[in-house]
Every structure is written in C-alpha cells, then in structure tokens.
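A.B. asks: have a look at this prediction, sequence included:
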Amino acid sequence: MTSPAAIARDPAWFPHRYDPGHDAVHFRHVPRDVHRAVTFVTDEYLPSGQPAVIRMADAMAAMPATAPLHFILHSAFCCSTVLARAFDLPGTAMGLKEPVFLNDLVGWQHRGGTAKMIAPVLDAGLTLLARPFAPGEAVVVKPSNLCNGLAPAMLTMRPQARALLLYAPLKVYLGSIAKKGMTGRLWVRELLVKQLREGLHQLGFKGEDYLGQTDIQVAAMTWLAQHALFAHLVRQFGDRVRTLDSDRLMAEPVAAMRALSAFYAIPLDAEAVVAGPAFTTHSKSRDSFGSAARAAENAAAAAAHAEEIEKVAVWTEAVAKAAGVPMMPGRPLLAG
C-alpha cells in the first residue's frame, strides 16, 4: 500500500475530487501519459480506478514540493484545451485540463459553503495541483469556465501566478452554442444559473427577465458576464493578466505561443509547439484538425444561424454599453 505521504508528494497521484463532509481529497493515479491521452481529467475521460482517499490535513502534512503555477482562464469554446495541451512539455511544463477538484469547491459554494470555509481548501488544492511532474517544470492549470468566479481568490493566493484570459469572439461563441442544438442551449442556461448564484450578473436584468430571453440571448449574457469578470481581473491584477481571443490565437499561433512563453516565463520552441499535436489534432477525437478546419467549422455555424446571431450581437453591445462592460477586456497578449 502506498502511504498517504507518498501519494501527496507524487504528482502522478492527481487530486481529483474534494469531499467537504470529511475534509478529504480523492486522489486518482493519473500518470503523464494518461493526462496526455484524455481530453479532460474528469470521470468521463479517466480510466476506471479506485481513488485513494486522504484527509486534507494528512496530505498537506507531507509538504509536497511545488512548481511555478499559472492559469488559462476562459469563456468556453475558445481553444483553451489547445493551449493546455500545448504546455505538455516534459522537463519544462505540464498543462492540467479542467481538474474537478476546483469544480467541487464551486459546488460546495453553491450549497452554502462560505468563503472562510472554502479559502483554506482552495489554497491547499492549488498546492497539490502545483506539484511538478519533473524537476524544473512549471504547471499551467486550465480550470473549467464554471470556476471563473474563483479566479480573484486564486490569483490573490498565488501572487507569482499569471493568468491568460482567453475568450471566443461573441459571434463565434454564439455560433458554438447554436450548432450544439438542445445540448448547447441547456448548457448556457445551466451556466446562467451558476453565474447568478455567484453574483456575476450585474447587467441590469432581474432573474425573471432571463425567462423572456431566447436561448441565444441567454448565451450572450453568459458571455458578457464572463467579460465583465475578465475586465475586473484586468483592473485588479494589472500586468499579471493578459487577454486573447481565439480567432487571434488560431490566426497567429506562433506569435501567441512566443508571447505566452515570455508572459509565463516558460521557455519553449513556439514553432515546434504549433507544429505538434496540440495545434494539429482535434482535442477530443485526435483526428487531424488545424486552424483552417476550425475556421470553416465556425463559419458554417455562423451561416446556419446568421440572422439570430446578428440580432443578438447588436442587442448585446447595447446591453454592454448600458452596463459599462467593455466588449474588449484590455491588456491584450498580442499587440496591434
């Protein structure tokens, strides 16, 4: 049997879930090759296996070593998984794709967990996520966009951490929702409910107002709420954050990776990374899928729902202006 201390020190034992009722971490054995193979480190994608359940106090008593920690925060449907995969660089960095541990803290908050209760667990969880897979490596965490409300606390707790705020242009985001049919429309309404619970909607609407909006209008409001949060992060953390939209990322991937390398202080060969699997294969199917295919897919979605998307985009700009939310959050990663 592997001891709790050994598990806590070993990054191959991933802090998968948190149980607030028992103050326990459920570790799953997820070596680097499994991280590379799965789309996200969630139950849907991880191989079956029995977790090692360890009290948080026992895990932290092992004093695990930590690496430089940075974040990719995102609005969803914006190539964030591409970037997380791009930082799978043995000896240099590791990208973690949507750890459920952080989702569990958001769920705890929605069930009544207070900031005083959650803060020490978040701090400990960041320590566990920051264990390097090899000496000298940094760790880049891409949380689920459901965890964006934790961003101010995470950046405050880790003053050396930097965050890229990645988003899809509004019309691309709306097209991504529309093309997913009922699944996408349900997803944005569920996201809206979570954002409302966290007080992220200061857009001039009451809760019942959203019932009179179409699904695509609701999608636009979830996008705008995230933009308002990103603008807040830019004001609060200044040079520690940068923003980038997915169209610019895919149009100028080498420039984006060079800029991220400098921003995170993670040395990498941008040309080699862009020529590698992160940018040339689909994040889920792993079929060949580059920037041209992504652009064509986005264009097809936009064309199929053009009238609704255009009307909602105009309406969203008016809402943003009235609410004082910038459509461009500032501090771009790439100049010009």
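C.D. replies: Alright, I've got the coordinates. Numbers count the residues shown, from 1 in each chain.
A.B. asks: from now on I want contacts and neighbour counts done on CA atoms only, so please keep to that.
C.D. replies: Noted.
A.B. asks: once you drop chain neighbours, what's closest to residue 219?
C.D. replies: Once flanking residues are discounted, residue 219 sits nearest to residue 188: 5.4 Å by C-alpha to C-alpha, 6 or more residues apart in numbering.
A.B. asks: ranges for the strands of the chain?
C.D. replies: 13-19, 24-29, 52-55, 69-74, 93-97, 138-142, 163-167, 241-245 (DSSP state E).
A.B. asks: tabulate the ones you listed (JSON lines), appending mean neighbour count.
C.D. replies: Output for these, formatted as JSON lines (neighbours: other C-alpha atoms under 10 Å):
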{"stretch": "strand 13-19", "mean neighbour count": "22"}
{"stretch": "strand 24-29", "mean neighbour count": "22"}
{"stretch": "strand 52-55", "mean neighbour count": "19"}
{"stretch": "strand 69-74", "mean neighbour count": "25"}
{"stretch": "strand 93-97", "mean neighbour count": "25"}
{"stretch": "strand 138-142", "mean neighbour count": "26"}
{"stretch": "strand 163-167", "mean neighbour count": "26"}
{"stretch": "strand 241-245", "mean neighbour count": "23"}
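A.B. asks: for those, give me JSON lines that also has distance to residue 123.
C.D. replies: Formatted as JSON lines, the strands of the chain follow (distance: least, C-alpha to C-alpha, whole Å):
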{"stretch": "strand 13-19", "distance to residue 123": "13"}
{"stretch": "strand 24-29", "distance to residue 123": "13"}
{"stretch": "strand 52-55", "distance to residue 123": "15"}
{"stretch": "strand 69-74", "distance to residue 123": "12"}
{"stretch": "strand 93-97", "distance to residue 123": "17"}
{"stretch": "strand 138-142", "distance to residue 123": "14"}
{"stretch": "strand 163-167", "distance to residue 123": "17"}
{"stretch": "strand 241-245", "distance to residue 123": "20"}
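A.B. asks: out of those strands, the one nearest residue 195 is which?
C.D. replies: Across the strands of the chain, the minimum distance to residue 195, taken as C-alpha to C-alpha, is reached by strand 69-74, at 14.3 Å.
A.B. asks: residue 226 against residue 76, yeah?
C.D. replies: No: using C-alpha atoms under 8 Å, residue 226 makes no contact with residue 76, being 9.9 Å away.
A.B. asks: and residue 53, what is it in contact with?
C.D. replies: Going by C-alpha atoms under 8 Å, 6 or more residues apart in numbering, residue 53 touches 24, 25, 26, 27.
A.B. asks: so which of those is the closest to residue 7?
C.D. replies: residue 27 (7.9 Å).
A.B. asks: quick one: residues contacting the most centrally placed residue in the chain.
C.D. replies: Residue closest to the mean C-alpha point of the chain, counted by C-alpha atoms, centre = their mean, is residue 143 at 3.6 Å. Counting by C-alpha under 8 Å, 6+ apart, residue 143 touches 71, 72, 73, 97, 98, 99, 102.
A.B. asks: so which elements touch the worst-scoring helix or strand of the chain on mean pLDDT?
C.D. replies: One helix or strand of the chain scores below all others by mean pLDDT, DSSP states H and E: helix 291-304, with a mean of 76. In this structure, helix 291-304 makes packing contacts with helix 170-179, judged by 3 or more C-alpha pairs under 8 Å, 6 or more residues apart in numbering; DSSP states H and E.
A.B. asks: okay, the angle between the helix it packs on and helix 291-304?
C.D. replies: Between helix 170-179 and helix 291-304, the angle comes out at 70 degrees (axes from the mean of the first three to the mean of the last three C-alpha atoms, to 10 degrees).
A.B. asks: flag every buried residue along helix 170-179.
C.D. replies: 170, 171, 172, 173, 174, 175, 176, 177, 178, 179 (16 or more other C-alpha atoms under 10 Å).
A.B. asks: related to what we said a few turns ago, could you pull up phi and psi at the residue nearest to the centre of the chain?
C.D. replies: Per-residue torsions, residue 143: phi -70, psi 160 (degrees, to the nearest 10).
A.B. asks: what pLDDT is listed against it?
C.D. replies: Confidence at residue 143, expressed as pLDDT, is 98.
A.B. asks: which ones are touching the residue nearest to residue 219?
C.D. replies: By C-alpha under 8 Å, 6+ apart, the neighbours of residue 188 are 177, 215, 218, 219, 222.
A.B. asks: swap in 10 Å and give it another go.
C.D. replies: By C-alpha atoms under 10 Å, 6 or more residues apart in numbering, the contact set of residue 188 is 177, 194, 215, 216, 217, 218, 219, 220, 221, 222, 223.
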